[in-house]
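>>> Would you be able to build a 3D model of this:
(chains A and B)
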Amino acid sequence: DAKTTQPNSMESNEEEPVHLPCNHSTISGTDYIHWYRQLPSQGPEYVIHGLTSNVNNRMASLAIAEDRKSSTLILHRATLRDAAVYYCILSIGYSTLTFGKGTMLLVSP
Amino acid sequence: DTEVTQTPKHLVMGMTNKKSLKCEQHMGHRAMYWYKQKAKKPPELMFVYSYEKLSINESVPSRFSPECPNSSLLNLHLHALQPEDSALYLCASSQVSPSSYGYTFGSGTRLTVV
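Got it, this is the predicted structure:
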């Protein structure tokens, strides 16, 4: 499985934008980039995914580097409810999701 | 319905007990998964069912026995568990090709083995 590298933790203030980085230098041409988050005592929650182009949805934006070796999850205005562990995962075809350690996002009022 | 429902939410069982965890989805997903998550660790895949057939068993001990009675239901039967099996057990479902669509997870069953 192609691997991802994320910072262990990041901090943000409420109502500020948050940029969560993910490196995936061994990504193959058909790997999708998925982001999930897990709030305390909850199951993981789908956030966004993409292949080559930047993606936007109601939760976040995903910016994918031109060479696809890195990506950034963007939360436009962090709230206290966004405090969670964020997982960046590569997925291809019928493969299952393999979770790495993720980034713990702390949001301060 | 866009949810995966897991029951019970909490379970305490003795090492000689037999219990079952239940997972249900009505999104028409034909792939279903069991993950195990220990405290402060990422989820780890246990089993995958595709079209109601077991397709992946990640070398899980036989005291965990999965079952997929139909396309909407997934069970995990537990027998003779050890205290180290205490964890959050997560069920998920997806289209058979999850890379294009992603997974939907349930909230999990928090299992304590005493």
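>>> Any figure for the gap between A:F99 and A:G43?
For A:F99, the distance to A:G43 (Cβ to Cβ, to the nearest Å) stands at 12 Å. Bear in mind the C-beta positions are built from the backbone N, C-alpha and C, glycine included.
>>> more neighbours, these two?
A:G43 (23 against 20; other Cβ atoms under 10 Å in any protein chain shown).
>>> who touches the more buried one in this structure?
B:V4, B:Q6, B:L90, B:A92, B:F105, B:G106, B:S107, B:G108 (Cβ atoms under 8 Å, 6 or more residues apart in numbering or on different chains).
>>> which two from the residues you listed end up farthest apart in space?
B:A92 and B:S107 (11.2 Å; Cβ to Cβ).
>>> Of the two, which one has the most company?
Higher neighbour count among B:A92 and B:S107: B:A92, with 29 against 18, using other Cβ under 10 Å.
>>> Neighbouring strands - and their directions - for the helix or strand containing the more buried one?
In the assignment (DSSP states H and E), B:A92 maps to strand B:87-94. Within its sheet, strand B:87-94 is paired with strand B:31-37 (antiparallel), strand B:103-105 (antiparallel), strand B:109-113 (antiparallel), according to DSSP bridges.
>>> Export stretch A:11-24 to CSV, keeping only CA atoms.
Taking Å, rounded to 0.1, in the frame of the first residue of the first chain, the C-alpha atoms of stretch A:11-24 are listed here in CSV:
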residue,chain,number,x,y,z
GLU,A,11,-3.3,23.7,16.5
SER,A,12,-5.7,26.3,15.3
ASN,A,13,-7.9,29.1,16.6
GLU,A,14,-11.6,29.1,16.1
GLU,A,15,-12.9,30.8,12.9
GLU,A,16,-9.4,30.7,11.4
PRO,A,17,-8.6,28.6,8.3
VAL,A,18,-6.7,25.4,8.8
HIS,A,19,-4.4,23.7,6.3
LEU,A,20,-3.7,20.0,7.0
PRO,A,21,-0.8,18.7,4.9
CYS,A,22,-0.3,15.1,3.7
ASN,A,23,2.8,13.8,1.8
HIS,A,24,2.3,10.8,-0.4
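>>> is chain B contacted by it?
No - using Cβ under 8 Å from any Cβ of the partner chain, stretch A:11-24 stays clear of chain B, coming no nearer than 13.9 Å.
>>> Give me the neighbour count for B:L88.
Neighbours of B:L88 (other Cβ under 10 Å): 20.
>>> of all the residues in chain A, which ones are close to chain B?
Counting by Cβ under 8 Å from any Cβ, the positions of chain A adjacent to chain B are A:31-32, A:34, A:36, A:41-46, A:49, A:87, A:91-102.
>>> partner residues bridging A:L105?
Applying DSSP bridges to A:L105 gives these bridge partners: A:M10, A:A84.
>>> need the contact list for it.
The contact partners of A:L105, taken as Cβ under 8 Å, 6+ apart, are A:S9, A:M10, A:E11, A:S12, A:V18, A:L20, A:A78, A:D82, A:A83, A:A84, A:V85, A:Y86.
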